[in-house]
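Visitor: Turn this into a structure:
(chains A and B)
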Amino acid sequence: MKFTIYQESRIGRRKSNQDRIAYCYSRDALLLVLADGMGGHLHGEVAAQIAVQFVTQAFQREARPLLHDPAMFLSRALTNAHNAILDYAFDKDLREAPRTTVVTCVIQDGHAHWAHAGDSRLYLLRGGRIAAQTRDHSRVQLMLDQGLLDAESAAHHPGRNRIYSCLGGSHPPQVEFSARIVLRDNDTLALCSDGLWGPLGDEGVLRGLSDPFVQEAVPRMLDHAEQRAGATCDNLSLIALRWHDDSAPQPGDSVSTQTMAMNDFTTQLETFEQSRSPATALDLTDDEIERAIAEINSAIQKFSK
Amino acid sequence: MQCDEARILPRTPMPSQANAPLPTGFQLDQYRIDRQLSLGGFSIVYLAYDEDDTPVAIKEYLPNSLAIRQEGQLEPQVPDDNLPAFRYGMKCFFEEGRSLARLMHPNVVRVMNFFRANGTVYMVMQFERGRTLHDYIHRHKGEVSERFIRGVFTRMLNGLREVHAHKLLHLDIKPSNIYLRNDGTPVLLDFGAARQTLMSDQPMLKPMYTPGFASPEQLGNREALGPWSDIYSVGASLYACIEGTAPPRSDERQQKDTLQPTTRTHTGRYSAQLLETIDWCLQLDPLKRPQSVYSLQKALMRREAGEAMPAGWFADIGTKLRSFIGRT
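Guide: Down below sits the predicted model:
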């Protein structure tokens, strides 16, 4: 597999970041997962953390290096994550189980499968258009479907944050699964929380990801969303992946899993402590430092000729 | 990205003492440190030699307020609380590198390498022999000639034109950032404040500036920033050449303008046309200044109406000049 991936989560103007994001890949399979803990409920960030961690761990157990059945994997992993949240509430004697949205995607054999509950979204962008996207499990989306609302009033509807499906809580989740989608060279997959798609809209997501470099597009889109949302900015997260054909020349910053060992995994999952601290948005990982330096040196080479 | 000064403030206050420089003879990557050239709040600049014994200037990212390096240590100590701010400042340092790496011009300092060592990052620049315009003004106070001024600024503006052509603003032009090589040609230095603003629609955060040389829009309405903002700073630098000091701060001028037009104060010692050009650049209203470097250059090349300066000054003297660089 060849792809370029970048993810970032920011706190916005809230006191804590209840969004969680992760990606993980073996030699032959790739997992993306994003959860947005529900702020109105107790321990939303715990629910999001459990969901992301649980799905990631299940993937690491089962992708050896391929998943036996990606659709079944998603179904089982999300049901089990839901139950893990309920178990946590039981253990801690919480009056109500915490809740979180979830959107997750598995890629293997050149095909993508995704599943979601709630209003965190997945977009598949192809050739400058939105080729597919998840439909929110929200009242507003239902009203839109029934023609009771138009897009403009939906964007400002006071109940736009009300969702009817999520992990945790008192009702079993209604998880929606995608068909098996063939990925083409240069397709972009984006997973995001409502803190990002709310301020930007479909158009903004599409435009933002038309940039050939996801590692530059993602921070810029988060900047835009934060700016647009202003003082009430929600937590916002985005994972963006650009898919490359195996035969395509390898762009400098992309990942090729060809040389990975059979049972090896690479995982990016932010820990509790990190995402709680407002400083995370300012932090710079070792990888980012190396990338910045490589980029500067390649510019020096290029322009000094 | 915008570099926000407030974000580089320490959470754990550090005793404000100078950090120890790397010792003479220290082998840093492929370079041998010779001595410290300058020390700022944000970095240390060294003279060093590469494998071929070519001198280079190496700028070490080392913010005084966030990191401390004691005598005999190599890695600066950064308290955990300061780590995010330290890393943020590093991003700003990268921005400077990114800006400069794309500029290849004889009147703009050239970046040659960028690397990581000792827990921080280093930018290697071409070493130039000479001194700053600031030094020159101090040594020749009150007797900086018009010919010198026109020659230095016309050439320096070739570099600034290149900066603007890359959709960058310098935003910290002042005599101490204009370096005069021994052959008299100027080099524009220190892009620590450079911002990629001509293109971006991001909100501007408050950066560092130098009072007296900064335009009013830099201190206030940052949405109005543009090439004319650098032109204000060029005007203030021209003013410093004839007056020996910076003009009053532009934000104070906006309250009560105490700046006397140079056409009134320096008549007779400089041509009216030069003084008018300086006053033109120092207009508080951005729209009343020259709107592009090109139009300012044209003004600087004309002594009296109709009389043009030698054409060679204006042209891109790149190739010819490059062969002189480093040979002194």
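
Visitor: Tell me where the stretch 51-200 of chain A has strands.
Guide: Assigned by DSSP state E, counting those that start in this stretch, the stretch 51-200 of chain A shows strands spanning A:99-108, A:111-117, A:121-126, A:129-133, A:167-168, A:176-177, A:181-182, A:188-192.

Visitor: Mean neighbour count for these - can I get that in a markdown table?
Guide: C-beta here means a position set from N, CA and C on the backbone, and glycine is covered the same way. Output for the strands of the stretch 51-200 of chain A, formatted as a markdown table (neighbours: other Cβ atoms under 10 Å in any protein chain shown):
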| stretch | mean neighbour count |
| --- | --- |
| strand A:99-108 | 27 |
| strand A:111-117 | 23 |
| strand A:121-126 | 21 |
| strand A:129-133 | 13 |
| strand A:167-168 | 32 |
| strand A:176-177 | 14 |
| strand A:181-182 | 14 |
| strand A:188-192 | 27 |
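
Visitor: ok, A:Ile300 - how many residues close by?
Guide: 20 (other Cβ atoms under 10 Å in any protein chain shown).

Visitor: Please disregard the earlier target; I meant B:Pro247.
Guide: For B:Pro247, the neighbour count with other Cβ under 10 Å is 22.

Visitor: For chain B, which of the strands of the stretch 51-200 of chain A is the nearest?
Guide: strand A:188-192 (19.8 Å; Cβ to the nearest Cβ).

Visitor: would TSV of the strands of the stretch 51-200 of chain A with mean pLDDT and distance to chain B be doable?
Guide: Shown next, in TSV, are the strands of the stretch 51-200 of chain A (pLDDT from 0 to 100; distance: least, Cβ to the nearest Cβ, whole Å):
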stretch	mean pLDDT	distance to chain B
strand A:99-108	96	27
strand A:111-117	97	31
strand A:121-126	97	22
strand A:129-133	95	23
strand A:167-168	94	31
strand A:176-177	95	36
strand A:181-182	94	34
strand A:188-192	97	20
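
Visitor: Compute the inter-axis angle for the longest helix belonging to chain A and strand A:99-108.
Guide: Counting residues, the longest helix found in chain A (DSSP state H) is helix A:70-91. If you take axes from the mean of the first three to the mean of the last three Cα atoms, to 10 degrees, helix A:70-91 sits at 150 degrees to strand A:99-108.

Visitor: Can you list the buried residues in helix A:70-91?
Guide: Neighbour counts using 16 or more other Cβ atoms under 10 Å in any protein chain shown place A:70-71, A:73-74, A:77-78, A:81-82, A:84-86, A:88-89 of helix A:70-91 among the buried residues.

Visitor: Tell me the one of the residues you listed nearest chain B?
Guide: A:Tyr88 (29.8 Å).

Visitor: The closest one: what's it in contact with?
Guide: A:Tyr88 makes contact with A:Val46, A:Ala47, A:Ile50, A:Leu94, A:Ala97, A:Pro98, according to Cβ atoms under 8 Å, 6 or more residues apart in numbering or on different chains.

Visitor: Per-residue pLDDT of the second one, please?
Guide: Looking back up the chat, that one is A:Ala47. Looking at A:Ala47, its pLDDT reads 93.

Visitor: helix/strand/coil for it?
Guide: The three-state assignment at A:Ala47 reads helix, by DSSP: H, G, I helix; E, B strand; the rest coil.

Visitor: Tell me who's in contact with it.
Guide: For A:Ala47, the contact set (Cβ under 8 Å, 6+ apart) comprises A:Ala35, A:Gly37, A:Met38, A:His41, A:Ile85, A:Tyr88, A:Ala97, A:Pro98, A:Arg99, A:Thr100, A:Leu167, A:Gly168.

Visitor: Which pair of the contacts of A:Tyr88 spans the longest distance?
Guide: Within those, A:Ile50 and A:Leu94 form the most distant pair, 12.5 Å apart (Cβ to Cβ).

Visitor: quick revisit: put together TSV for the buried residues of helix A:70-91, with pLDDT on each row.
Guide: Below are the buried residues of helix A:70-91 laid out as TSV (pLDDT from 0 to 100):
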residue	pLDDT
A:Pro70	95
A:Ala71	94
A:Phe73	95
A:Leu74	96
A:Ala77	95
A:Leu78	96
A:Ala81	94
A:His82	95
A:Ala84	91
A:Ile85	92
A:Leu86	91
A:Tyr88	87
A:Ala89	86
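
Visitor: Columns distance to B:Asn182 on top of those, output as CSV?
Guide: CSV is the format used below for those (distance: Cβ to Cβ, whole Å):
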residue, distance to B:Asn182
A:Pro70, 69
A:Ala71, 73
A:Phe73, 70
A:Leu74, 69
A:Ala77, 69
A:Leu78, 71
A:Ala81, 70
A:His82, 74
A:Ala84, 72
A:Ile85, 72
A:Leu86, 77
A:Tyr88, 72
A:Ala89, 75
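
Visitor: Can you tell me which of the residues you listed is nearest A:Ile107?
Guide: Closest to A:Ile107, out of all of those and judged by Cβ to Cβ, is A:Pro70, at 8.4 Å.

Visitor: before we move on, what SS does the residue lying closest to B:Asn82 once chain neighbours are set aside have?
Guide: Spatial nearest neighbour of B:Asn82, chain neighbours left out: B:Leu66 (4.4 Å); criterion: Cβ to Cβ, 6 or more residues apart in numbering or on different chains. Here B:Leu66 is coil, with the state taken from three-state DSSP.

Visitor: And for B:Leu66, the neighbour number?
Guide: Residues contacting B:Leu66 under the criterion other Cβ under 10 Å number 26.

Visitor: isn't it right up against B:Ala85?
Guide: Yes: judged on Cβ atoms under 8 Å, B:Leu66 makes contact with B:Ala85 at a distance of 5.5 Å.

Visitor: Residue numbers of chain B in contact with chain A?
Guide: Applying Cβ under 8 Å from any Cβ of the partner chain, one finds that chain B approaches chain A through B:7, B:83-85, B:87-88, B:90-91, B:94, B:97-98, B:101-104, B:110-116, B:121, B:202-203.

Visitor: Restrict these to the buried ones and give me that as a PyMOL selection.
Guide: Here is the PyMOL selection string for the buried members of the residues of chain B next to chain A, based on 16+ other Cβ under 10 Å:
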select buried, chain B and resi 7+83+84+85+87+88+90+91+94+97+98+101+102+103+104+110+111+112+113+114+115+116+121
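
Visitor: mind listing which of the residues of chain B next to chain A are in helices?
Guide: Using DSSP H, the residues of chain B next to chain A in helices are B:Leu83, B:Pro84, B:Ala85, B:Arg87, B:Tyr88, B:Met90, B:Lys91, B:Phe94, B:Gly97, B:Arg98, B:Ala101.
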